[in-house]
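Student: turn this into a structure:
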Amino acid sequence: MKIPAQDSPVRQDVGLLTADDLHLFNEGSHYRAHEKIGAHPMTAGGESGTCFSVWAPNAREISVIGEFNAWTPGRHRLYPRGSSGIWEGFIAGVERGALYKFHIISSQNDYTVEKTDPFGLMQEKPPRTASVVWDLAYEWNDHHWMVNRGGNNSLHGPISIYELHMGSWMRVPEDGNRPLSYREMAPKLAEYLQRMHFTHVEFLPVMEHPFYGSWGYQTTGYFAPTSRYGTPQDFMYLVDYLHQHGIAVILDWVPSHFPSDGHGLAYFDGTHLFEHADWRKGFQPDWNTCIFNYGRNEVRSFLMSSAMLWLDKYHIDGLRVDAVASMLYLDYSRKEGEWIPNQFGGRENLEAIDFLRRFNSEAYKEHPDIQTYAEESTSWPGVSKPTYVGGLGFGLKWDMGWMHDTLKYFSIDPIHRKFHHDHLTFRMLYSYHENFVLPLSHDEVVHGKGSLIGKMPGDEWQRFANLRLLYAYMFAQPGKKLLFMGDEFGQVSEWQHDNSLEWHVLQYPVHRGMQYWVEQLNRTYQQEPALHQLDIDPAGFEWVDCNDTAASVISLLRKGRSERDTILIVCNFTPVPREDYIVGVPFGGYWREVLNSDGADYGGSNLGNGGGVHAEAVPAHGRPFSVKLTLPPLAALFLKP
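Tutor: Residues are numbered from 1 along each chain as shown. Predicted structure coming up:
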């Protein structure tokens with residue numbers, strides 16, 4: 001007869017952690033600690049059960065509580081593993097699916113607390129907070145993708161990212177307005193991204209989080225996809241399905257801060273274990289959250305293991321690190337006297353810098369075909385430069401300055417834009433200092449900022465023309481692209497995380513036209529080497545004329561490795577059509593109009609150049625030939641020889 005788990009003794013002679021594991025974890029260089037620490041179903045001496053372990057060096061006693069022992073502290077106590085700070089033990093009869101927590105009695109003032117497993121692979125669906133004994137067994141079917149994904153992630157290839165919040169992309173109104181599950185989302189999202197010609201999807205954090213309104217940016221489960229939408233295997237299915245349909249998957253990852261919820265990482269064993277004890281280093285005032293202590297070896301092992309789990313076990317193609325600026329600066333969002341300088345008296349967080357370099361080095365060493373992305377809003381040098389030349393080692397950096405300047409420009413009435421022309425042209429002074437992603441992200445459509453279409457001036461026709469022009473200008477610039485969900489069809493309302501996108505607006509031609517324009521931009525971006533091949537090479541870009549402030553017109557060339565791949569892009573940022581507008585070009589012959597954002601199919605007035613123009617041997621703008629163009633109002637033209 002099987003012994004009930006609640007009466008089973010905890011066996012200390014059975015464990016997963018070796019002496020080497022303990023040494024590496026304490027040294028800060030165990031990058032796959034999740035394979036040994038946490039809760040792992042296993043068989044020992046013919047008995048099936050679960051091996052539990054947790055890092056809590058300042059605990060006096062730790063026991064596992066759960067359904068299997070009626071949540072009774074003291075019944076299943078773990079044993080300390082030497083001086084490692086890790087407690088471990090095997091409990092027979094505890095199977096996959098069992099709920100559990102760690103009951104901790106601290107050596108500090110007998111402080112007692114119940115904690116979710118920091119290394120837990122699954123947690124209960126919020127607002128419940130127990131961990132779930134689970135495994136990550138899954139049969140993948142994305143071999144072809146994994147073998148070839150390096151080309152899809154290349155800095156020399158097209159990367160067009162669809163940024164998506166899992167719970168509000170598409171809901172099921174006939175079933176209580178619930179979100180789609182991971183498995184329900186898979187075919188719908190894959191079909192949509194393929195049709196829209198996006199190459200990548202970036203999920204706002206899927207890691208478990210208690211407060212839904214944080215959109216996942218306040219993480220408690222660094223090793224667990226949120227169970228709001230299914231199991232870990234369900235999320236694997238979603239990634240697998242997207243891979244099989246040619247879509248790369250990027251995850252937002254938040255090693256910058258964590259919430260202070262009682263069941264989470266904060267004050268874990270009666271001491272400030274994961275966070276700094278001094279509030280001037282350990283508290284993030286912007287979000288009322290805790291800041292990781294990157295100088296603590298075991299914290300580095302914890303965070304590095306989290307990153308490697310998503311890359312190893314979930315086949316993730318890229319990690320986008322949130323709030324990098326808050327990690328880099330000790331005085332981030334702090335007044336004088338509210339921060340502690342580093343050992344040299346500076347404001348740089350040397351421990352965080354070391355961690356980020358280590359993270360990037362290890363991620364690319366183990367998975368050279370992925371990319372890492374930094375959301376970094378300052379002028380910190382070398383964010384996307386290799387660590388061996390002093391950089392942080394990211395593959396790409398979000399160009400927050402471009403997003404800010406460009407949206408500010410587009411919000412201005414066209415009659416005044418000639419006085420703000422530098423908002424458009426300034427980025428080319430620094431555009432090759434980093435490998436950039438041009439984001440139009442969720443940050444711009446929340447907290448009272450309204451929608452992108454709502455930022456555009458003018459009547460309805462002008463607003464939609466402006467937005468089409470904004471997207472055209474983004475695709476004209478060197479750099480990878482990112483667009484937040486709903487923006488591709490001109491969602492009118494500000495994004496609401498607890499509602500579906502406004503898919504119903506696609507019954508109106510202006511919204512369908514906007515969606516079709518983004519589809520065609522993505523298609524052309526992928527088909528034309530000039531628009532992506534030399535994104536990080538100054539040879540891929542050339543101004544034709546960036547000084548026509550009076551007309552608010554700019555013209556530029558994008559170039560590929562072959563000179564015949566050249567694309568001419570001309571943008572008219574006013575509602576005034578311009579006839580016989582002369583632009584210098586490098587080649588004679590016929591220049592075909594590849595794209596025109598004023599096309600009738602997109603909701604425009606259909607003014608253009610009849611499909612193309614012939615370049616004459618009339619020098620202009622320092623070039624031997626020129627074309628005479630009709631520039632539609634608030635529109636962009638893409639022409640190719």
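
Student: residue 520: how many residues sit nearby?
Tutor: When neighbours are counted by other C-beta atoms under 10 Å, residue 520 registers 20. Glycine gets a C-beta too; all of them are placed from N, C-alpha and C.

Student: let me see the contact set for residue 221.
Tutor: With contacts taken as C-beta atoms under 8 Å, 6 or more residues apart in numbering, residue 221 has the following neighbours: 116, 120, 123, 207-209.

Student: adding distance to residue 21, secondary structure and pLDDT as columns, could you present those residues in CSV?
Tutor: Formatted as CSV, the entries for these read as follows, by distance: C-beta to C-beta, whole Å; DSSP: H, G, I helix; E, B strand; the rest coil; pLDDT from 0 to 100:
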residue, distance to residue 21, secondary structure, pLDDT
116, 22, coil, 98
120, 18, coil, 98
123, 24, strand, 98
207, 24, strand, 98
208, 25, strand, 97
209, 28, coil, 97
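
Student: and the furthest pair within the residues you listed?
Tutor: With C-beta to C-beta as the measure, no two of the contacts of residue 221 lie farther apart than 120 and 209, at 13.4 Å.

Student: any idea whether residue 433 is helix, strand or coil?
Tutor: In the three-state summary, residue 433 is assigned as coil, counting by DSSP: H, G, I helix; E, B strand; the rest coil.

Student: ok, and the closest non-adjacent residue to it?
Tutor: residue 381 (7.6 Å; C-beta to C-beta, 6 or more residues apart in numbering).

Student: roughly how far does the one you found sit from residue 390?
Tutor: For residue 381, the distance to residue 390 equals 8 Å [C-beta to C-beta, to the nearest Å].

Student: related to what we said a few turns ago, figure out the helix or strand that the residue nearest to residue 433 lives in.
Tutor: Assigning secondary structure by DSSP states H and E places residue 381 outside every helix and strand.

Student: how many residues are close by it?
Tutor: Using other C-beta under 10 Å, residue 381 has 11 other residues around it.

Student: give me the phi and psi angles of it.
Tutor: Geometry field for residue 381 lists phi and psi as phi -80, psi 140, criterion degrees, to the nearest 10.

Student: next one, pLDDT for it please.
Tutor: Looking at residue 381, its pLDDT stands at 96.

Student: what's the answer for residue 5, then?
Tutor: According to the per-residue confidence, residue 5 scores 58 in pLDDT.

Student: again with the one 5 residues further on
Tutor: pLDDT for residue 10: 85.

Student: what about the helices in the stretch 151-300 of the chain?
Tutor: Defined through DSSP state H, counting those that start in this stretch, the helices belonging to the stretch 151-300 of the chain, from first to last, are 182-196, 232-244, 279-282, 297-313.

Student: any idea of the mean pLDDT for the shortest one?
Tutor: Along helix 279-282, the predicted confidence averages to a pLDDT of 93.

Student: ok, residues contacting that helix?
Tutor: With C-beta under 8 Å, 6+ apart as the test, helix 279-282 has contacts from 272, 275-276, 290-291, 293, 330, 334, 338-340.

Student: alpha carbons of that helix, as CSV, please.
Tutor: Presented in CSV, the C-alpha positions along helix 279-282 are these (Å, rounded to 0.1, in the frame of the first residue of the first chain):
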residue,chain,number,x,y,z
TRP,A,279,16.1,51.5,0.2
ARG,A,280,18.4,53.9,-1.7
LYS,A,281,19.6,50.9,-3.7
GLY,A,282,16.8,48.4,-3.2
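
Student: buried residues, that helix. List them.
Tutor: When neighbours are counted by 16 or more other C-beta atoms under 10 Å, the buried residues of helix 279-282 are found to be 281-282.

Student: can you tell me the closest non-neighbouring residue to residue 534?
Tutor: With sequence-adjacent residues excluded and distances taken as C-beta to C-beta, 6+ apart, residue 534 is closest to residue 540, at 2.6 Å.

Student: any idea how many residues pack against that neighbour?
Tutor: 21.

Student: with residue 96 instead?
Tutor: 14.

Student: do the same with residue 36
Tutor: By the criterion of other C-beta under 10 Å, residue 36 has 22 neighbours.

Student: next, the contact list for it, please.
Tutor: For residue 36, the contacting residues are 16-17, 21, 53, by C-beta under 8 Å, 6+ apart.

Student: so which of those residues wins on neighbours?
Tutor: Going through those with other C-beta under 10 Å as the criterion, the one with the most neighbours is residue 53, at 27 neighbours.

Student: show me the beta-bridge partners of it.
Tutor: Under DSSP bridges, the beta-bridge partners of residue 53 are residue 38, residue 88.

Student: surely residue 181 meets residue 235?
Tutor: No - using C-beta atoms under 8 Å, residue 181 and residue 235 do not qualify as a contacting pair, with a distance of 9.8 Å.

Student: more neighbours, these two?
Tutor: Comparing residue 181 with residue 235 by other C-beta under 10 Å, the one with more neighbours is residue 235, at 25 against 18.

Student: quick one: residues contacting that one.
Tutor: Taking C-beta under 8 Å, 6+ apart as the definition, contacts of residue 235 comprise 182, 206, 225, 229, 314.

Student: that older thread, give me the ChimeraX select line for the contacts of helix 279-282, limited to the buried ones.
Tutor: A single ChimeraX command is used to select the members of those judged buried by 16+ other C-beta under 10 Å:
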select :272,275,276,290,291,293,330,334,339
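
Student: can you tell me which of the contacts of helix 279-282 lies closest to residue 607?
Tutor: So of those, ranked by how close each gets to residue 607 (C-beta to C-beta), first place is residue 334, at 53.0 Å.

Student: mind listing what the nearest residue in space to the closest one that is not next to it in sequence touches?
Tutor: In space, and not counting its chain neighbours, residue 334 is closest to residue 285: 6.8 Å by C-beta to C-beta, 6+ apart. Residue 285 makes contact with 333-334, 338, according to C-beta under 8 Å, 6+ apart.

Student: rerun that using 10 Å as the cut-off
Tutor: Counting by C-beta atoms under 10 Å, 6 or more residues apart in numbering, residue 285 makes contact with 279, 332-335, 338.

Student: re the thing from before, okay, the contacts of residue 235 in CSV with neighbour count, distance to residue 412 and pLDDT next?
Tutor: Formatted as CSV, the entries for the contacts of residue 235 read as follows, by neighbours: other C-beta atoms under 10 Å; distance: C-beta to C-beta, whole Å; pLDDT from 0 to 100:
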residue, neighbour count, distance to residue 412, pLDDT
182, 26, 42, 98
206, 28, 38, 98
225, 29, 42, 98
229, 21, 41, 98
314, 21, 43, 98
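
Student: distance to residue 618 added to those residues, as TSV?
Tutor: Supplementary listing: these in TSV, determined by distance: C-beta to C-beta, whole Å:
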residue	distance to residue 618
182	59
206	57
225	61
229	61
314	58
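
Student: filter the residues you listed down to the ones in strands?
Tutor: With strands identified by DSSP state E, the entries of the contacts of residue 235 that belong to them are residue 225.

Student: show me the contact partners of the helix or strand of the chain with the lowest mean pLDDT.
Tutor: Taking mean pLDDT, DSSP states H and E as the measure, the helix or strand of the chain with the lowest value is strand 10-11, at a mean of 86. Contacts made with strand 10-11 from outside it, assessed by C-beta under 10 Å, 6+ apart, are listed as 44-45, 47, 49, 51-52, 63-64, 75-79, 88-92.

Student: with stretch 145-152 instead?
Tutor: Taking C-beta under 10 Å, 6+ apart as the criterion, the residues outside stretch 145-152 that touch it are 140, 142, 157-159, 199-200, 239-240, 242-249, 315, 317-318, 367-371.

Student: quick one: buried ones out of the residues you listed?
Tutor: Among the contacts of stretch 145-152, those buried by neighbour count (16+ other C-beta under 10 Å) are 142, 157-159, 199-200, 239-240, 242-245, 247-249, 315, 317-318, 367, 370-371.

Student: strands - which of those land there?
Tutor: Taking DSSP E, the ones among these that sit in strands are 200, 248-249, 318, 371.

Student: wait, which of those is closest to residue 505?
Tutor: Checking those against residue 505 with C-beta to C-beta, the nearest one is residue 200 at 24.8 Å.

Student: alright, I will stop here.
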